[in-house]
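Undergrad: for reference, the sequence and a predicted model appear below.
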Amino acid sequence: MSIDRFFLLPQGHIMKHTVDHGLSKDIAKQATQKAFESYQQKLSDYDPQADWVEDDHAEVTFSVKGYTLEGTIELTDENIVLQLDIPMLLKPFKNKAVSVVEDEIDEWVEKARQGELD
């Protein structure tokens, strides 16, 4: 599985994380939803929310240190792409965010590959 690390895009403080899933879009969406449900349980203090506005597009929010982080999840035929707008003051939390996102998405994509989403 190929994982691109989060990075700051030059035009702003957008963090982008891409995971190659190697699954059908339907199964990739199920894995993404399971990962997000796990975030909601493990990181309830950050109030993670996801609203699937289209089959392949969700709008997401997290609350950190009094700030609301907004972003999107996009599903493509090959990738799960998470983008978050990170305020400059929260840049020190980037490494924790990277670790949590990578671990959770990796876990659920692998479970999906093994047919273990339930």
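TA: Arrived safely, thanks for sending. Residues are numbered from 1 along each chain as shown.

Undergrad: helix, strand or coil for Leu117?
TA: coil (DSSP: H, G, I helix; E, B strand; the rest coil).

Undergrad: measure it to Trp108 for me?
TA: For Leu117, the distance to Trp108 (Cβ to Cβ, to the nearest Å) stands at 8 Å. Glycine gets a C-beta too; all of them are placed from N, C-alpha and C.

Undergrad: show me where the protein has its strands.
TA: Counting by DSSP state E, one finds strands in the chain at the ranges 3-4, 14-20, 49-54, 57-64, 67-75, 79-85.

Undergrad: let's have those in CSV, adding distance to Leu43 and mean neighbour count.
TA: Conversion of the strands of the chain to CSV gives the following (distance: least, Cβ to Cβ, whole Å; neighbours: other Cβ atoms under 10 Å):
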stretch, distance to Leu43, mean neighbour count
strand 3-4, 20, 13
strand 14-20, 15, 19
strand 49-54, 11, 13
strand 57-64, 8, 16
strand 67-75, 12, 17
strand 79-85, 13, 19
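
Undergrad: pick out the shakiest of those strands, pLDDT-wise.
TA: Taking each of those in turn, the one with the lowest mean pLDDT is strand 3-4, at a mean of 47.

Undergrad: in this protein, which residue is closest to the centre?
TA: The C-alpha lying nearest the average C-alpha coordinate of the chain belongs to Leu82 (Cα atoms, centre = their mean; 4.5 Å).
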